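Participant: this one's structure only:
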Ligand SMILES: Nc1nc2c(c(=O)[nH]1)N[C@H]1C(S)=C(S)[C@@H](COP(=O)(O)OP(=O)(O)OC[C@H]3O[C@@H](n4cnc5c(=O)[nH]c(N)nc54)[C@H](O)[C@@H]3O)O[C@H]1N2
Ligand SMILES: Nc1nc2c(c(=O)[nH]1)N[C@H]1C(S)=C(S)[C@@H](COP(=O)(O)OP(=O)(O)OC[C@H]3O[C@@H](n4cnc5c(=O)[nH]c(N)nc54)[C@H](O)[C@@H]3O)O[C@H]1N2
Ligand code: SF4
Ligand code: SF4
Ligand code: SF4
Ligand code: SF4
Ligand code: SF4
Ligand SMILES: [Mo]
């Protein structure tokens, strides 16, 4: 018997779920992410997609993927753990922020208002998952040569992927080196700028292992809602009571 | 543009945007009301609680989701060539994501007729390299002007010179470097006269086949002998052959232009690619196995291979293949596997000395012994399957097309065919009707004008009786017994399957397991599982199998394993790639591009790598062994090109054009090429097309900067595991960073096309210039060729045009223009483009350009359990050609079927034993997901994830050698005892790397990943126009240990090779680690 | 203090300003680019010194406690000096912390959108309260002399006049009122101080994910640290400026006992820490005792900052010289204590494997202050030093009435 062929990619299904939620009552929406560790191929595409999407400078990363080798030869496995911001529903980081620059928004997304952040880094110290990194104003192209007319050179290269910051939070940020987000704490924001236009987060769409799921955990019709029923479900450092909105399946 | 008018642009774009997706949703999403905040001054917002912030938190400046800011194309950060969607603002690449129309990035991909404004907000998946692509384009070290060497070869001193000057120097030659006269192309490619060429070609063939004496030839062609490389060996061909085109990575479109220019317009048969450094023996086993019986001989075998239908297989054995990290490729295959494995559809086994990321998800990881392991496992499985009756007898019995059809089998094989066995017990030719006194039947050839051919039937055994058959007969099905070992008319015969069985029974199961270095039970377990899923099980093999001295036979053995369950062409079995035709050769197509070459000579001769011809069938033949290996059964033998030039065998080469390849870095023992390439006497003129001064291009006389994959055209084709019929398109998405040049009076970017067009103009080569395609239809710009190809694809493959894609509607037309408004006239001009294909086809062309290619629906690729685009011919298991051809180094005939051949061997077949000399570790290599060979060393985002590679060693060996993670060790081998890359000018790069101790690797084996340890490519300083451009140490971290790989002890200037399938050998070197 | 020492200190201070200038310029042109801390060790030397100075402010606090809780009368006339010290220390502290911020000019956000669930907010608040209290206290303590000096014809009388808020005459009534105000302020400073040093500890203590800090001991430890370093400083200053043997001996003894308690607490902390066996705690503690900066613990803190002083205290309890030296060593080396409090808990990866996934020097748990951080610190400290020595010279800090009230 012919195996039933897939009718739509999980990404399409989730994007439809997303649309449905956006059309409904936003105050009812709670964005969540589920990461199926068994499906993770440890490819780091999500890490780089996030860096590219948000034009993250050196030393700033929102979603590293942790690799580890387990077992003894010949019974060995590599294991991978992608780590975005957990978007804790009881976030220690926002409590730490003296000026309410970072806070949990209505949909449970923990955001940072770059314009308000004074860069004290207390939230970095407070986050149990090291999910926050600070923008110290570094450049990937720093130290590369110039020599126009002979090679492409530093400036052109920088213009290509560094000078103009990404539209994080749907905003135009000043040319790099002229203010925020340099000097700010930075972290995963669930790609709100993409969600705003009906798109899934960049790490989700690029996940070659289809290990990363996103959606409204309050929507019973959504894929994410179904996945949260899985017995394989767990969260990182559950004991701290941070109540991450990012769940894992093992 | 100024912030200000950007502001307003953003605004009205946003209005559009809002209308489309509904204002309320959006604003609501932001956890408050945009409307509100935009009425109040922002400080009010600041006073309230978080809700108020939310208003002021989100802006409206994200624009990458708008179709007018996107162009769909194809990635080339690695050779998987996934479909990409490039997001552009202000003429700069802002972000790259997956093209949702492409079956590479979604499973299934979205419907081809989805309006692109809807596709604009759907992103497919890409691997990390694809995501980092912008950094390959905006690599600070990219070159932008023609560079001519200002010092000695490899001294890395350059001067920038005008494009036209460079072209003139190359065509006309002269004392170009103050080192004496250098012959230009015009003096090399002298034979242009079609008729003279024809006469010379035909008669030199006659001389080679001893139908004509040399004197006869010489007298007949007395005044044309000056066209020949060597009148005493007319079969070497014309002097034109002393121009050699060599390429690393080239795909269709561009490939057509480049190859045809050299082969057709310049008339040289020396055009050679990199296949054998890649997975050569995989391709050339495929070629042997796909040979069909046509008009009396085995021919028409295609250079191709099969892969598993990843999305539908229930059980896959990955042998020396790592789709999670490399292969073709992550986005294309991983999703199908992770979902298959976790959701319970599929189970995989990985046979690999290294616990790859793929192996980490396997039901079984079998850490085989590298050198001989893969062959042994295959033979062990064959043995178990045959002895335990676990094979598809109904399939194997079918001797011909008819029988296959009767069983609804897409293919048939030679299992039941009878082969004559010589006194020495060696199988030889097939048993034929004539051997049994049956009549030979005269049949008309396909091309009736070519007369008739003799059909001498093949013989199978049926109910103890020999029965003749025609392999291609659809009407008369013939089945045969599978295991025959008998005499007919006093002739010893065996069935092909019997021959294979004997080979498999040459050793006991224990012995096979022993050789494989794994448990016998493991072989049995996987064989059992493999034969428990009907046709939905498959062995998917790649470099780990092919890049061995016995690569050809290991590959054939594994494909034989597949053949035993007859999974070819079945859903979940072996699949092949299928693409739409671009050439327009078939009737009905809009543009027959063959027309271009009406006036060109047909070149001939023995290639510098001596391929497609048997040594003893040439005038060069004298004794065994030959000076260098000849390769009758393969082509594109990368590791033979430069070394053969070094030996000037069979003749000297005068000029080389290297395109997008870096053999010195990429070949095993690539260091042996350095001496040859830096010697103008061996290679008088060396021209390279590259994007950066790399490990190989640093030895060039001229480097022509090229445009990267984001700035240019190409048609990447597909891979065997892509089941739908496709035609991906790479097209310029942003303006080029190289300088602008003028060719045929047209302004265009300096890139490979410009070089070819300009050479053609200077040499006024046939096939180029005005009115080549008829009045008013020119061949003076890249798009003159490429757009016609696109049009052919848009038209489809049905004569009546019923296969044509829809026409782009007005909206799509507008989007097409809007999304290209930033492109300079040098690459894009609406009117100009439209004119090339004409107004009728234009909207259809736009339709597929808008979608980055043409892609058949995923579900349309399957029908009744079978693949729609299936391989539906004979699957060869016994190669008569090989049985009847003599090996140039031994004088013996080749082994003709799946068998275990132990290695490593030199080119004469002698075993190399370095272990006994104290080289206690086997060196292997692999690809890390974040790296490719060269491009990625300038991708700083990727360096952040994987800044340097390591010498990966098992804890057992580390303990034995007292090594710890982080220790620095030097890799030395018998053929590189200093363990260095010798760059000339006293420059040496020691092969020193950091140790990484791990559990996931077979003891006795060490591995390093590809892509690090660069010494050029922006790593070290170069001098251009007298100024020193410093290197960037980030690009040179880690180790590249190819120079430790074994040099062939007989040939001395190239790596070990598989002398049958041509593979360069990566995994058969014994090394020592010296702590530093 | 004699002219020689004054000159010496003055020169040192000026040199410090000069050298430190380079650091300041870099800080203002390149922000944090050349600082050694990163995202896993988000705070570095500047925060260490900030904590250090917080501690030093506690001298006055100690005096007040002793005066008003333990009714130690004779300490009363230390008012001006200690209050002035507090001002200088607070100023340095504020400069340090401001320079550590990514966006200093946004501190107005503390007013626009304070987050009262953040201890940083509270700490900022209490810092300012302390600042105000001691500003006022200083003012009222010095006012009499200021008025006086502004009337005499001495250099800069105009300035004194301004500082005295243009008050021309100073009546006995004024004196009484001022004394009463000062008295109330001192009383106020008790709870304020307690909260100040307390929150400073709580600031760290509440962080669940920081096993060493996250302990009830921490606030207590902070108060003690403050009293110890501050006490040591003030004792030192008194013996230098006011040569009041009796007081110095008395304070000496107090400081000594605080030191002993502090060391005991420290031992307990290590003991418990190692007992738990929690990897993160153990790694932190190990990094203190055997990390690259272990010398700060063994040599600076334990040897110079504790052992030697203890010996001095015990061997010659009645020698002001010994006591002065002991106190000097204690407060000078106290930066090391602050360092070993702050850095170790930051020096563990919060998730195993983070260290080899995404590579950058700011994503490491190893931290060594950069030259630039040192230069900036030198500038600020020199600034403090100069402010202090010139203040004590040109303001009536030493010569002022000691704010004693007759019969409290
Ligand atoms: N150790 C080790 N070595 C290996 C392998 C391995 O697994 N391990 N893998 C082998 C395999 S599979 C292969 S296919 C070979 C490939 O080896 P090659 O065929 O030599 O190809 P690349 O290494 O991709 O070299 C590409 C060259 O072209 C240049 N280039 C990049 N983009 C462009 C462009 O757009 N235009 C032009 N004109 N040039 C461009 C690059 O700068 C570089 O110099 O490497 C082999 N080498
Ligand atoms: N990330 C990345 N992906 C790529 C490329 C790239 O450069 N980078 N290049 C593309 C190209 S050109 C190609 S050809 C494909 C190649 O795709 P693959 O052939 O799948 O990948 P490789 O890493 O070359 O080799 C596959 C595996 O063979 C294993 N191996 C090594 N020696 C042996 C052996 O002796 N026996 C066995 N059984 N296994 C062995 C290696 O450990 C490795 O895991 O990848 C493509 N995809
Ligand atoms: S993971 Fe860290 S940053 Fe993210 S919400 Fe939780 S505490 Fe805050
Ligand atoms: S760094 Fe910014 S976000 Fe983090 S606590 Fe400080 S102000 Fe708040
Ligand atoms: S959701 Fe967006 S920001 Fe967060 S990790 Fe994924 S890509 Fe990065
Ligand atoms: S992209 Fe998906 S599969 Fe790849 S590492 Fe991230 S989560 Fe894992
Ligand atoms: S696999 Fe990655 S690098 Fe290769 S083509 Fe696809 S996206 Fe590009
Ligand atoms: Mo390859």
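Facilitator: Yes, it's here. Every value quoted in this text rests on a predicted model; they were computed, and no experiment measured them. Ligands and ions are numbered 1, 2, ... in the order given.

Participant: and residue B:434, that one's in a strand?
Facilitator: No - in this structure, residue B:434 is helix, not part of a strand, as judged by DSSP: H, G, I helix; E, B strand; the rest coil.

Participant: what residues are up against the closest residue to it other than its chain neighbours?
Facilitator: Leaving aside its sequence neighbours, residue B:434 sits nearest to residue B:456 (C-beta to C-beta, 6 or more residues apart in numbering or on different chains; 5.0 Å). From N, CA and C alone the C-beta is placed, and that goes for glycine too. The contact partners of residue B:456, by C-beta atoms under 8 Å, 6 or more residues apart in numbering or on different chains, come to B:296, B:432-434, B:438, B:440-441.

Participant: quick one, phi/psi of residue B:456?
Facilitator: The phi and psi torsions at residue B:456 (degrees, to the nearest 10) take the values phi -110, psi 110.

Participant: what does the pLDDT read for it?
Facilitator: As predicted, residue B:456 sits at a pLDDT of 97.

Participant: ok, it to residue B:868 distance?
Facilitator: 35 Å (C-beta to C-beta, to the nearest Å).

Participant: residue A:142: what secondary structure?
Facilitator: Per three-state DSSP, residue A:142 ends up coil.

Participant: neighbours of it, just the number please.
Facilitator: Close neighbours of residue A:142, defined as other C-beta atoms under 10 Å in any protein chain shown, add up to 14.

Participant: so what's it scoring on pLDDT?
Facilitator: Reported pLDDT for residue A:142: 95.

Participant: from residue B:95, how far off is it?
Facilitator: 22 Å.

Participant: indicate whether whichever strand or helix holds residue B:792 makes contact with ligand 1.
Facilitator: Using DSSP states H and E, residue B:792 sits in helix B:782-795. No - applying C-beta under 6 Å from any ligand atom, one finds helix B:782-795 separated from ligand 1 by no less than 13.5 Å.

Participant: can you name every helix or strand that that helix contacts?
Facilitator: helix B:254-260, helix B:830-837, helix B:842-850 (3 or more C-beta pairs under 8 Å, 6 or more residues apart in numbering or on different chains; DSSP states H and E).

Participant: find the nearest non-adjacent residue to the residue of chain C at minimum distance from ligand 4, please.
Facilitator: Here chain C gets closest to ligand 4 at one residue, residue C:102, 6.7 Å apart by C-beta to the nearest ligand atom. Nearest residue to residue C:102 in three dimensions, chain neighbours excluded: residue A:119, at 1.8 Å (C-beta to C-beta, 6+ apart).

Participant: separation between the one residue in the stretch 251-400 of chain C that gets nearest to ligand 2 and ligand 5?
Facilitator: In the stretch 251-400 of chain C, the residue found nearest to ligand 2 is residue C:357; the distance is 17.6 Å by C-beta to the nearest ligand atom. Look at residue C:357 and ligand 5: by C-beta to the nearest ligand atom, to the nearest Å, they are 14 Å apart.

Participant: wait, that residue touches residue A:80, no?
Facilitator: No - judged on C-beta atoms under 8 Å, residue C:357 makes no contact with residue A:80 at a distance of 9.6 Å.

Participant: in contact with the one residue in the stretch 701-850 of chain B that gets nearest to ligand 6, which residues?
Facilitator: Nearest residue of the stretch 701-850 of chain B to ligand 6 (C-beta to the nearest ligand atom) works out as residue B:721 at 18.5 Å. By C-beta under 8 Å, 6+ apart, the contact list for residue B:721 reads B:307-310, B:328, B:332-333, B:540, B:575.

Participant: kindly report the same for residue A:115.
Facilitator: By C-beta under 8 Å, 6+ apart, the neighbours of residue A:115 are A:180, B:56.

Participant: what helices and strands are in contact with the following helix or strand past the helix holding residue B:792?
Facilitator: Following helix B:782-795 in sequence order, the next helix or strand is helix B:810-818 (DSSP H and E). Other helices and strands packing on helix B:810-818, by 3+ C-beta pairs under 8 Å, 6+ apart, are helix B:116-119, helix B:842-850.

Participant: run the last query once more with 10 Å
Facilitator: helix B:116-119, helix B:830-837, helix B:842-850 (3 or more C-beta pairs under 10 Å, 6 or more residues apart in numbering or on different chains; DSSP states H and E).

Participant: which of the ones you listed is buried the deepest?
Facilitator: helix B:842-850 (a mean of 23; mean count of other C-beta atoms under 10 Å in any protein chain shown).

Participant: which helices and strands does that helix pack with?
Facilitator: strand B:70-74, helix B:116-119, helix B:782-795, helix B:810-818, helix B:830-837, strand B:853-855.

Participant: turn those into TSV, columns for mean pLDDT and distance to residue C:53.
Facilitator: Below are the helices and strands packed on helix B:842-850 laid out as TSV (pLDDT from 0 to 100; distance: least, C-beta to C-beta, whole Å):
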stretch	mean pLDDT	distance to residue C:53
strand B:70-74	98	56
helix B:116-119	96	60
helix B:782-795	98	69
helix B:810-818	97	60
helix B:830-837	97	69
strand B:853-855	98	66
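
Participant: any low-confidence regions in chain C?
Facilitator: Residue ranges of chain C with pLDDT under 70: C:1, C:399-408.

Participant: if I pick the closest residue to residue B:108 other than its chain neighbours, what's in contact with it?
Facilitator: Distances taken as C-beta to C-beta, 6+ apart place residue B:858 nearest to residue B:108, at 3.4 Å, with adjacent residues excluded. By C-beta atoms under 10 Å, 6 or more residues apart in numbering or on different chains, the contact set of residue B:858 is A:5-7, A:9, B:103, B:106-111, B:311, B:722-724.

Participant: just the buried residues of these.
Facilitator: A:6, A:9, B:103, B:106-110, B:311, B:722-724 (16 or more other C-beta atoms under 10 Å in any protein chain shown).

Participant: now the helices for the stretch 201-350 of chain C?
Facilitator: C:217-241, C:245-276, C:279-290, C:294-295, C:308-315, C:320-346 (DSSP state H, counting those that start in this stretch).

Participant: quick one: the residue in chain C sticking out farthest from the centre from residue A:66, how far?
Facilitator: In terms of distance from the mean C-alpha position of chain C, residue C:357 ranks first, at 39.1 Å (C-alpha atoms, centre = their mean). Distance of residue C:357 to residue A:66, computed by C-beta to C-beta: 5 Å.

Participant: considering only the contacts of residue B:721, which also neighbour chain A?
Facilitator: Residues of the contacts of residue B:721 in contact with chain A (C-beta under 10 Å from any C-beta of the partner chain): B:332-333.

Participant: returning to that earlier point: the residue farthest from the centre of chain C is in contact with residue B:947, isn't it?
Facilitator: No - counting by C-beta atoms under 10 Å, residue C:357 does not reach residue B:947; the two are 11.3 Å apart.

Participant: shared neighbours of the two, anything?
Facilitator: Contacts common to residue C:357 and residue B:947, judged by C-beta under 10 Å, 6+ apart, are absent.

Participant: out of the helices and strands packed on helix B:810-818, the one nearest residue A:20 is which?
Facilitator: helix B:116-119 (16.2 Å; C-beta to C-beta).

Participant: next one: the closest one to chain centre, how far?
Facilitator: The chain centre lies 32 Å from the centre of helix B:116-119; the measure is C-alpha atoms, centre = their mean, to the nearest Å.

Participant: thinking again about what came up before, intersection of neighbour lists for residue C:357 and residue A:80?
Facilitator: In contact with both residue C:357 and residue A:80: A:44, A:65-68, using C-beta under 10 Å, 6+ apart.

Participant: what subset of those residues is buried?
Facilitator: A:44, A:65-67.

Participant: what's the closest of these to residue B:148?
Facilitator: residue A:44 (40.2 Å).

Participant: could you pull up phi and psi at the nearest residue to residue A:62 once chain neighbours are set aside?
Facilitator: Leaving aside its sequence neighbours, residue A:62 sits nearest to residue A:188 (C-beta to C-beta, 6+ apart; 4.0 Å). Dihedral pair for residue A:188: phi -60, psi 140, per degrees, to the nearest 10.
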